[in-house]
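K.L.:
Okay, sequence plus prediction incoming.
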Amino acid sequence: MADTPSAPDHIASAKTSRVAVEMKVVNKWYGQFHVLKDVDLAVNQGERIVICGPSGSGKSTLIRCINRLEQHQRGSIVVDGVELSGDLKDIERVRSEVGMVFQQFNLFPHLTVLENCTLAPIWVRSMPRREAEGIAMEYLRRVRIPEQAAKYPGQLSGGQQQRVAIARALCMNPKIMLFDEPTSALDPEMIKEVLDTMVELASSGMTMLVVTHEMAFARRVADRVIFMDHGEIVEQNTPEAFFGDPRYDRTRAFLGQILHG
Amino acid sequence: MPTEARTPALVFQAKPSLPPPPFTVGPVAWVRANLFSGPVNTLLTLASAWGLYLTLAAFLEWAWFDAVFEANSRRECLDKSPTGACWAGVRANWGRLIYGPYPLAERWRIDFAFLALVAWMAPLWIRAVTGKIAIAASVVCAYPFFAGYMFLGGSREETMTVLFPAAVLAGVGVLVHSACCILAGRSLPDLLLQPFGDGISDKSRTRILAGFAAASYALAFVATSGFALPEVKTDRWGGLFLTLVISGIGITSALPSGILLALGRRSTMPLIRLLCVCYIELIRSVPLITILFMAKTMFPLFMPQHIVVDELVRAIVAVCLFAAAYMAEIVRGGLQALPKGQYEAAAAVGLNYWQTTLFIVMPQALKAMIPNIVSNFIGLFKDTTLVAIIGLKDLMLQVDSAGKDRDWLGLFREPYFAATAIYFFFCYCMSKYSLHLERKLSAGNRR
């Protein structure tokens, strides 16, 4: 990247403030399995990145390292000026600034939709309940399901649940949003409603890292598409260049598989 | 498909629903399908009916038709009806079964404390009452000091001087608050703050309420200072009362301590994990009676001579230690059943360990484990009969002593039957309540 900062990682200088996430030579192993190999990645604020690749290529692990659901063993990750280390306070700070949407939604089944959305603002941000509920309803309106606020997640369809999950993450007013295959567990007719929500979010200027196989979505909103295989970033480029003229044979093979398979 | 719109669409009309063929639903069908569905089943049904008739008839003859309800001694019972039950003996010994050797004149204290508990807890089941968590907490934290003094009496020592008025205040506070909620539809703090207007800050609200609390505590302190009850030492506690005290404390303490142990066992801190694993495995591998004997005979040997711990306290502590280990394993089962995604989602929104445990993990884990938890409570309730072996006069020992009374010598069957009924009543209620709780809690998030 052209504007990769040269300042030391732990200093949040004016220069680094434009960078939302910076990963340097990140390595991770699951036991003997080397899942991330020397990953370098810098994400600017407001940038929208789509990560794709075959299963087991480490793309989910990569974005889960950004909010420390997975721990990297070598290299450094700086998120919003905070370097991720063993320090719990730092980790909690990063997590409250980074929203995440999971493949399996992971809503809290014992809480209503509204409570799912207000829990973290109330307890992590110490927000008064009224205010938190107001903000939650605002986001539920944005994902177009305010009428479901009093229901429990189990009473909603998959697409509705995923939209609640997006609203829940947004209620913390995050600076960065991570999406881990948000549409992979959905029935085909529900994928569109979730993607529409994500497109709308992208147009609002949110920094997004999305692991997905929805190539139409990548073409439409991504600033940069990243292809991973065997724990490495093989190739990254603008969507036009990435889809129009992939440089590596591996990328071509992969795109051939998922676009015409 | 749109291309088929050329020919006019056929109109589908559902056939009307007809009643089912005769004798496939209703009681007759049920009897046919379940009792007389073939020659073998018919034979088995008739045989069981005959067996049931034999036992039930004999039992009813003993328990009802030949039974004696009015008599002054076992002799009189036998004279009236030698083959029937002598319920008069149970009636005469009823007080002994319930209160044990507790002095007759002081038994009202137990009744009063029990009724106070009912009144204290009743608001938890009333919809209009707010602040249920605080009420439940006051039952667990304050009621024991109130009941403790009611049962024990005597002069109040330092801690009791301070805590008894506080407990009384908490109880009265709960009742007044509940009354406010039901009658005025507003909570007690709300009503207290009303004269100060709406425009006061949170800080001054807290201050005003603290002022009210302090003033009413002073009032309670003065009001109860003249209140003294004659002492009843714990060796005179007994009967169902003692059983309820031991199992009540055991059950109440088992859940929190079991939760902490289960969390400790899954902790990432090696020392805490090791301690919890050792504790749980050690206690679980030893019978309760061994722990009770340790508490009775071994514990005093390890203590300096001037430290004397009440025998009942030692037994209760032993029961609590035992119950906690079992509860810990049940809670751990619930924790393990929780999908990993729940922890991840909680972490991803920034909740810390205790927030995740309190708001996400425990509500789901405990709900999933309700049947096991209540089974454990029922088991614990019945296990407390073992304290009779180390000489505490619980319900079972009272049953035994009824048959050794001068007037009722040899009367064992009927008191044991009464004890069975009492145990059945309590255990069945717990079991039924757990089913009700399960249904109620699962209604919210049905899939």
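P.N.:
Arrived safely, thanks for sending.

K.L.:
Is there a neighbour count for B:S257? I'd like the number.
P.N.:
B:S257 has 17 neighbours, counted by other CB atoms under 10 Å in any protein chain shown. C-beta here means a position set from N, CA and C on the backbone, and glycine is covered the same way.

K.L.:
On the three-state scheme, it is what?
P.N.:
helix (DSSP: H, G, I helix; E, B strand; the rest coil).

K.L.:
What residues does it make contact with?
P.N.:
B:C320, B:A323, B:A324, B:M327, B:A328 (CB atoms under 8 Å, 6 or more residues apart in numbering or on different chains).

K.L.:
just the residues you listed now: which is nearest chain A?
P.N.:
B:M327 (20.7 Å; CB to the nearest CB).

K.L.:
burial of A:M215, as a residue count?
P.N.:
Based on other CB under 10 Å, the number of other residues close to A:M215 is 18.

K.L.:
Could you do the one 10 residues further on as well?
P.N.:
Applying the criterion other CB under 10 Å, we find 25 residues in the vicinity of A:V225.

K.L.:
Give me every residue in the stretch 151-261 of chain A lying close to chain B.
P.N.:
A:Y152, A:P153, A:G154, A:Q155, A:R168, A:A169, A:M172 (CB under 8 Å from any CB of the partner chain).

K.L.:
Most neighbours among these, which one?
P.N.:
A:R168 (32 neighbours).

K.L.:
what's in contact with the helix or strand harbouring that residue?
P.N.:
Using DSSP states H and E, the element containing A:R168 is helix A:158-170. With CB under 8 Å, 6+ apart as the test, helix A:158-170 has contacts from A:99-102, A:105-107, A:113, A:116-117, A:120, A:136, A:139-140, A:142-145, A:148, A:153, A:156, A:177, A:182-183, A:185-187, A:190-191, A:193-194, A:197-198, A:201, B:348-349.

K.L.:
Name the next helix or strand downstream of that helix, please.
P.N.:
With elements assigned by DSSP H and E, the helix or strand that comes after helix A:158-170 is strand A:176-180.

K.L.:
now the contacts of B:S257 in JSON lines, with distance to chain A, secondary structure and pLDDT?
P.N.:
JSON lines is the format used below for the contacts of B:S257 (distance: CB to the nearest CB, whole Å; DSSP: H, G, I helix; E, B strand; the rest coil; pLDDT from 0 to 100):
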{"residue": "B:C320", "distance to chain A": "29", "secondary structure": "helix", "pLDDT": "95"}
{"residue": "B:A323", "distance to chain A": "26", "secondary structure": "helix", "pLDDT": "95"}
{"residue": "B:A324", "distance to chain A": "25", "secondary structure": "helix", "pLDDT": "96"}
{"residue": "B:M327", "distance to chain A": "21", "secondary structure": "helix", "pLDDT": "96"}
{"residue": "B:A328", "distance to chain A": "22", "secondary structure": "helix", "pLDDT": "96"}
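
K.L.:
between the residues you listed, which is closest to B:P371?
P.N.:
Nearest to B:P371 out of those is B:M327 (CB to CB; 13.7 Å).

K.L.:
Can you get me a residue count around the closest one?
P.N.:
By other CB under 10 Å, 29 other residues sit near B:M327.

K.L.:
Could you find the closest non-adjacent residue to it?
P.N.:
Leaving aside its chain neighbours, B:M327 sits nearest to B:G258 (2.6 Å; criterion: CB to CB, 6 or more residues apart in numbering or on different chains).

K.L.:
how close does that neighbour sit to chain A?
P.N.:
Here B:G258 is placed at a distance of 20 Å from chain A (CB to the nearest CB, to the nearest Å).

K.L.:
Report the separation between the closest residue to chain A within the stretch 101-250 of chain B and B:L193.
P.N.:
Closest to chain A within the stretch 101-250 of chain B is B:D202: 9.6 Å, counting by CB to the nearest CB. Counting by CB to CB, to the nearest Å, the separation of B:D202 from B:L193 is 11 Å.

K.L.:
How about A:Q104?
P.N.:
According to CB to CB, A:Q104 and B:L193 sit 46 Å apart.

K.L.:
And the pLDDT at B:R447?
P.N.:
Listed pLDDT for B:R447 reads 43.

K.L.:
ok, now which ones touch B:D400?
P.N.:
Contacts of B:D400 (CB under 8 Å, 6+ apart): B:A388, B:F412.

K.L.:
What sits closest to B:M369 if chain neighbours are left out?
P.N.:
Counting by CB to CB, 6+ apart, the residue nearest B:M369 is B:G334, at 3.9 Å.
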